[in-house]
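1. Please find the sequence and the predicted model below.
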Amino acid sequence: MPVTCGPTAGASWDSKGFFGGVKGADLDRLARAVIDGEAATAGQLAEQALGEGLAADTILQDGLLKGLGVVGERFGKQEMFLPEVMMSAGAMQAGLELLRPHLEAGQSASAGLRGKVALGTVQGDIHDIGKNLVAMMLTANGFQVIDLGVSVRPEDFVRACREHKPQFVGMSALLNTTMPAMAQTIAALEAAGLRNGGLRVMVGGAPVTPEFAARIGADIYADDALEAVRLAREAVGR
Amino acid sequence: MKARGVSTGTDRTRRTENQRGGGGIGILIIGELINATSRSVREAVLNHNRQVIQVLAANQARAGADYLDVNVAAGLGDVEREAADMEWAVQIIREVTDKTLAIDTTDPTVLERGLEAAGPGAMVNSFSLESNRLEPFLGLAARYEALAIVLPVSDGGVPQEPEERLANCRELFAAAQKAGIEAGRLYFDPLVLPLSVTPASGRATLLTLAGIRQQGWQTTLGLSNISYGLPARKVLNRTFLAMTVGVGLDSVILNPLDRELRGELVASLALAGQDPMCAGYLRAYRRGELG
């Protein structure tokens, strides 16, 4: 595995300069635990950092998310691979669970939930691996995910959006033969008047291209699960 | 399989060998390359570029593919267009090879046009318990006397456990029987999920494969799924091919132009006792296909 050592050895991450060397080192270790996919260590370090009085939001930003950022970069460069990314998401999740009560106390802009995403594989398509990965990465990043499952009918996407009022609706398709269901779902959302209220449509899946996404009127096309997270974060401005 | 260099004796043995497929190596090879998921194929379909498709068809046939998969879904959402594209593709492929064509679609309209154009004895790729497909696909397979690939998938998705997959296989077998499609025309796919996200995937496939074989049914396999999301995919694909052949494969969906993979297949069949007197292995050697 190419990822057993720290992300940017020697580089300082406490560039904001508002925490001291020891605590900075702790957050370095926390980031590294995320990169190495060590859930138990990530949990311990997050707890420790809280105990040392660091703000939950600082731990999230400068520990967990920094680590996940490195994971995303390395995944993009094919230096890390899916099983490792999943382990990292697990570690991120473990850390986030500990921070969550403190984050939801709402001391900062990035505290608490980033937003809600209703997610499903489109009608006629029962492939859930890509969709599950996106769900996992979004959850690990503090989004609330409403997983609608596989072969989700347009009307069920509509119903879920009415009920849960998410900021995003995410659609996945693995088959080129089921991609048209994405367009049908978008049409159904439009017909239901749901696209005026700030609901953003995100699409992805092996055969889906940015051109296709644009043509059917999707707001966001993501090439993989990590990009889905990055773009969703960008879209909510956090 | 014409012009095989080494004589195969009488017409009858030659025919038997042809049925066994793979240029006579004891397994049917379904060539996977005509698939609109690939960008170049997608463009060729959209622009009706005959040459791209015909070259792929001819090359795969020459490399030992027995059947050719045909997937023309460009994702436009226009079923009529897709059906017309399928008819076009089948017709132009027919101009360069008489290999059996596997009509690869999830839409009954597209399937019907493909089967109609391909003539009797084509292959349906694929049907499953998914409710929108089961009845119409079975009906078409029966009407066109087609072979069919069977996926043990249901509306609920892809089962993880071999037992659930086998239960789906039994249900599908019963449905096919009821539609008048005999077992010899069915190829059951045990399902291959990417190892990268489903660690027990390889094992689940092998156990399911063994279970299907135990029922006395024929098997097939979409090989390259196994390696999705991992580096050096070819290593995994080849090793998994050897393992699945060891359990029992009657056909396999792969890239027939991958010369090394074909070598692996020939060797695996010999090792699995599916190549009497190593004839296929030696023939491949003499043709310079090994090593």
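-> Yep, that arrived. Residues are numbered from 1 along each chain as shown, chains lettered A, B, ... in the order given.
2. For stretch A:92-102, buried residues please.
-> A:Met92, A:Gln93, A:Ala94, A:Gly95, A:Leu96, A:Leu98, A:Leu99, A:Arg100, A:His102 (16 or more other CB atoms under 10 Å in any protein chain shown). Yep, even glycine has a C-beta here, placed from its N, CA and C like the rest.
3. before we move on, what about stretch B:268-284?
-> B:Ser268, B:Leu269, B:Ala270, B:Ala272, B:Gln274, B:Asp275, B:Ala279, B:Gly280, B:Tyr281, B:Arg283, B:Ala284.
4. same question, stretch B:45-60
-> Result for stretch B:45-60 [16+ other CB under 10 Å]: buried residues B:Val45, B:Arg50, B:Val52, B:Ile53, B:Gln54, B:Leu56, B:Ala57, B:Ala58, B:Asn59, B:Gln60.
5. Stretch A:61-73 now?
-> A:Asp62, A:Gly63, A:Leu64, A:Leu65, A:Lys66, A:Gly67, A:Leu68, A:Gly69, A:Val70, A:Val71, A:Gly72.
6. Contacts only, for B:Glu264.
-> B:Arg238, B:Leu241, B:Ala242 (CB atoms under 8 Å, 6 or more residues apart in numbering or on different chains).
7. Can you name the element that comes right after the host helix or strand of the second one?
-> Looking back up the chat, that one is B:Leu241. Using DSSP states H and E, B:Leu241 falls within helix B:233-247. The helix or strand immediately downstream of helix B:233-247 is strand B:251-254, counting by DSSP H and E.
8. Now do the same contact list for the nearest residue to B:Pro152 once chain neighbours are set aside.
-> Closest residue in space to B:Pro152, ignoring its immediate chain neighbours: B:Asn168 at 3.5 Å, by CB to CB, 6 or more residues apart in numbering or on different chains. Listed by CB under 8 Å, 6+ apart, the contact set of B:Asn168 reads B:Ser128, B:Leu129, B:Pro152, B:Val153, B:Ser154, B:Pro159.
9. can you rerun that using 10 Å?
-> Contacts for B:Asn168 (CB atoms under 10 Å, 6 or more residues apart in numbering or on different chains) come out as B:128-129, B:150-154, B:156, B:158-159, B:188, B:191, B:208.
10. do A:Asp128 as well
-> A:Asp128 touches A:120-121, A:135, A:147, A:149-151, A:172, A:174, B:157-158, B:193, B:197, counting by CB under 10 Å, 6+ apart.
11. now swap in B:Lys99 and tell me
-> Neighbour list for B:Lys99: B:Met1, B:Ile30, B:Gly31, B:Ala57, B:Ala58, B:Gln60, B:Ala61, B:Ala65, B:Asp66, B:Tyr67, B:Leu68, B:Ile93 [criterion: CB under 10 Å, 6+ apart].
12. Please identify the helix or strand for the residue lying closest to B:Asp275 once chain neighbours are set aside.
-> Nearest non-adjacent residue to B:Asp275, counting by CB to CB, 6+ apart: B:Leu269, 4.7 Å away. For B:Leu269, the element it lies in under DSSP H and E is helix B:259-271.
13. residue ranges with poor pLDDT in chain A?
-> A:1-24, A:104-113, A:238 (pLDDT under 70).
14. and residue 38, what does it touch?
-> All of this is about chain A. Applying CB under 10 Å, 6+ apart, the residues contacting A:Glu38 are A:Arg32, A:Gln44, A:Leu45, A:Met87, A:Ser88, A:Gly90, A:Ala91, A:Ala94.
15. wait, chain B
-> A:Asn176, A:Pro207, B:Glu32, B:Ala44, B:Leu56, B:Asn71.
16. how close does the residue of chain A found nearest chain B get to B:Gly157?
-> In chain A, the residue that lies nearest chain B is A:Pro180 (3.0 Å; CB to the nearest CB). Distance, A:Pro180 to B:Gly157, using CB to CB, to the nearest Å: 20 Å.
17. Same question for A:Arg29.
-> A:Arg29 is 39 Å from B:Gly157, by CB to CB.
18. Quick check on those two: which one has the bigger neighbour count.
-> A:Arg29 (19 against 16; other CB atoms under 10 Å in any protein chain shown).
19. Which helix or strand contains the more buried one?
-> helix A:21-36.
20. helices or strands next to that helix in the packing?
-> helix A:39-51, helix A:56-59, helix A:66-76, helix A:82-103 (3 or more CB pairs under 10 Å, 6 or more residues apart in numbering or on different chains; DSSP states H and E).
21. Format these as TSV; extra columns: distance to chain B.
-> Formatted as TSV, the helices and strands packed on helix A:21-36 follow (distance: least, CB to the nearest CB, whole Å):
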stretch	distance to chain B
helix A:39-51	16
helix A:56-59	28
helix A:66-76	10
helix A:82-103	4
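22. So which of those is nearest B:Gly216?
-> Evaluated with CB to CB, the helices and strands packed on helix A:21-36 place helix A:82-103 nearest to B:Gly216, the distance being 36.3 Å.
23. Could I have the CA atoms of the closest one written out in PDB?
-> Only the C-alpha atoms of helix A:82-103 are listed here, as PDB (Å, rounded to 0.1, in the frame of the first residue of the first chain):
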ATOM      1  CA  LEU A  82     -11.600   2.000  -3.800                       C
ATOM      2  CA  PRO A  83     -11.200  -0.400  -0.800                       C
ATOM      3  CA  GLU A  84      -8.800   2.100   0.800                       C
ATOM      4  CA  VAL A  85     -11.100   5.000   0.100                       C
ATOM      5  CA  MET A  86     -13.900   3.100   1.800                       C
ATOM      6  CA  MET A  87     -11.700   2.400   4.800                       C
ATOM      7  CA  SER A  88     -10.900   6.100   5.000                       C
ATOM      8  CA  ALA A  89     -14.600   7.000   4.800                       C
ATOM      9  CA  GLY A  90     -15.100   4.600   7.700                       C
ATOM     10  CA  ALA A  91     -12.500   6.400   9.700                       C
ATOM     11  CA  MET A  92     -13.900   9.700   8.800                       C
ATOM     12  CA  GLN A  93     -17.300   8.500   9.900                       C
ATOM     13  CA  ALA A  94     -15.900   7.300  13.300                       C
ATOM     14  CA  GLY A  95     -14.400  10.700  14.000                       C
ATOM     15  CA  LEU A  96     -17.500  12.500  12.800                       C
ATOM     16  CA  GLU A  97     -19.800  10.500  15.100                       C
ATOM     17  CA  LEU A  98     -17.800  11.700  18.100                       C
ATOM     18  CA  LEU A  99     -17.800  15.300  16.900                       C
ATOM     19  CA  ARG A 100     -21.500  15.400  15.900                       C
ATOM     20  CA  PRO A 101     -23.000  16.300  19.300                       C
ATOM     21  CA  HIS A 102     -20.600  19.200  19.600                       C
ATOM     22  CA  LEU A 103     -21.100  20.300  16.000                       C
END
